[in-house]
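J.: Make a model of this:
(chains A and B, ligands or ions: 5)
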Amino acid sequence: MVFWRVPFDSEEIQITTGIVYIIEDRCKGCGYCIEYCPRDVLEFSSKFNTKGYHPPAVKKPDDCVNCHYCEILCPEFAIYSVEASTEQG
Amino acid sequence: MKQIKKQVRHPLDDLLRIDRIPHIWCPGCGIGTAFSSCLIAMRESGIDLEKTVMVSGIGCSGRGAGYVNLDSYHTTHGRAIPFATGMKLANPELNVVVFSGDGDLFAIGGNHFIHAARRNVDLTVVCVNNFTYGMTGGQVAATTPLKAKTTTTPVGNPDTPFNLPLLAYASGATYVARWTILHTRDLTESIEEALLNRGFSFIEVLSPCPVNYGRRNKENGIDSLKIYQERTIIRNDAQPWELDIDFDRGIVLGKFIQTERPTCTDRYDNTCRPKELIEGEKGLE
Ligand SMILES: Cc1ncc(C[n+]2csc(CCOP(=O)(O)OP(=O)(O)O)c2C)c(N)n1
Ligand code: SF4
Ligand code: SF4
Ligand code: SF4
Ligand SMILES: [Mg+2]
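T.: Ligands and ions are numbered 1, 2, ... in the order given. Next up, the predicted model:
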């Protein structure tokens, strides 16, 4: 994360960042995750999934704060986030 | 060479019958979110999921029971609550969750609801209120807002909808809350509390049905969520009679009631199976 000034407590405060996973073929393109992501991380992708819907795509990966809101709002179990540091390749 | 795609697994996959996913709910239907919230609450509450069952009636919401990877029952229309009551009485150890729609629970099943609340049967009832009978094409329901258009009220609904939290409270429910699918964190917390509450617990979830309700009222899914965002207010201290569904005046959300009184099983045991009586019966054997 880029700061215009480094906060005094930056060594104590952990800023979590997240990685978003999208299970594209489960998505029905409602757009709820895109509309309600507090950090505007997502956008509709131009491609179609196997059902003919446009799934979301990650537009600003560095901005995800792993709040899980996309995950709990999605009616399709099609998107979730994990903490970036616990991420295993 | 073909690139191997990384295996992605949703955190709720363990609790889902994934062979049935994608589910039947339409794009933008809120039932999936309400259902997801219910699954998270079941997991987070720490209740024994081996001893937890989900019961649904008929309707789009009533398909819920078919997607949970636990013991579950898809019953006849309106009969989820009596079915659940029977299970709870036969095996009081079970956590019994009813997940169904407004039509199922309050039109055809309305009588069962009030009596289970009156008797304080220890159930958790989650009602997806989409203001209509979604599954059968969007007919007027006991919950359709005044003046809303449906297939059977093409010029607008002339009748007043139920205030469901008031009905639950007046009938004797010991936990009563109302949220929308947009307020999913509060909703999950309420379902968790309701699962741990001993007695009849009721949670109403306002939820969009863009296909059969929204469309006739010029509301797509996102519009419905915007309405839930802009025309609701959270007031946990509101009185049950202040909770009318009127989007022009604004809708009150919150946890309204949490109280304790003897459950159906407590009263039955105290009255029909008092200790002396059971010991007396043993003596006769
Ligand atoms: C005895 C009986 N009467 C009528 C029906 C038709 N029917 C199926 S679902 C339904 C209404 C469901 O409404 P609701 O519970 O609100 O569920 P939703 O589809 O809106 O989620 C009706 C009337 C039926 N299946 N059985
Ligand atoms: S986890 Fe939060 S910040 Fe990250 S994409 Fe989802 S909604 Fe946006
Ligand atoms: S909320 Fe879920 S179904 Fe809707 S667009 Fe996002 S990923 Fe797709
Ligand atoms: S008809 Fe309505 S309630 Fe039924 S699945 Fe479609 S959007 Fe949901
Ligand atoms: Mg309904």
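J.: Could you use CA atoms for every contact and neighbour count after this?
T.: Will do.
J.: Next, give phi and psi for the spatially most central residue of chain A.
T.: Geometric centre of chain A, nearest residue: A:Val20, 4.1 Å, by Cα atoms, centre = their mean. Main-chain torsions, A:Val20, degrees, to the nearest 10: phi -100, psi 130.
J.: does stretch A:78-85 come close to chain B?
T.: Yes - residues of stretch A:78-85 contacting chain B under Cα under 8 Å from any Cα of the partner chain: A:78-80.
J.: Tell me where chain A has strands.
T.: A:18-22, A:42-44, A:56-58, A:79-83 (DSSP state E).
J.: Now tabulate the ones you listed in a markdown table and tack on mean pLDDT.
T.: Converted to a markdown table, the strands of chain A look like this (pLDDT from 0 to 100):
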| stretch | mean pLDDT |
| --- | --- |
| strand A:18-22 | 97 |
| strand A:42-44 | 98 |
| strand A:56-58 | 98 |
| strand A:79-83 | 97 |
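J.: how about B:Phe256, secondary structure?
T.: strand (DSSP: H, G, I helix; E, B strand; the rest coil).
J.: Including distance to ligand 3, could the strands of chain A go into CSV?
T.: Shown next, in CSV, are the strands of chain A (distance: least, Cα to the nearest ligand atom, whole Å):
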stretch, distance to ligand 3
strand A:18-22, 6
strand A:42-44, 8
strand A:56-58, 6
strand A:79-83, 5
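J.: Next, the residue nearest in space to the middle of chain B: phi, psi?
T.: Nearest to the mean C-alpha position of chain B, counting by Cα atoms, centre = their mean, stands B:Val126 at 1.4 Å. Note on B:Val126: its backbone torsions stand at phi -110, psi 120 [degrees, to the nearest 10].
J.: burial count for the residue lying closest to the residue nearest to the centre of chain A once chain neighbours are set aside?
T.: Leaving aside its sequence neighbours, A:Val20 sits nearest to A:Ser81 (Cα to Cα, 6 or more residues apart in numbering or on different chains; 4.3 Å). Neighbourhood size, A:Ser81 [other Cα atoms under 10 Å in any protein chain shown]: 21.
J.: same thing with B:Pro208?
T.: 29.
J.: So it: helix, strand or coil?
T.: coil.
J.: B:Arg249 versus B:Ile222, what's the distance?
T.: Separation of B:Ile222 from B:Arg249 (Cα to Cα, to the nearest Å): 20 Å.
J.: Those two - which one has more neighbours?
T.: Legend: neighbour count by other Cα under 10 Å for B:Ile222 and B:Arg249, higher for B:Ile222 (17 against 10).
J.: these two touch, right, the more buried one and A:Ile34?
T.: No - between B:Ile222 and A:Ile34 there is no contact under Cα atoms under 8 Å: 10.5 Å.
J.: mind showing which ranges of the chain have poor pLDDT?
T.: If you meant another chain, say so; for now it's chain A. For chain A, the stretches with pLDDT under 70 are A:1-3, A:7, A:10-14, A:86-89.
J.: Please refer instead to chain B.
T.: Those would be B:1-7, B:284-285, if you go by pLDDT under 70 across chain B.
J.: what's the closest residue to ligand 1 within chain A in contact with, if anything?
T.: As assessed by Cα to the nearest ligand atom, ligand 1 sits closest to A:Pro75 within chain A, at 13.9 Å. By Cα atoms under 8 Å, 6 or more residues apart in numbering or on different chains, A:Pro75 lies in contact with B:28-34, B:36.
J.: Buried ones among these?
T.: B:28-34, B:36 (16 or more other Cα atoms under 10 Å in any protein chain shown).
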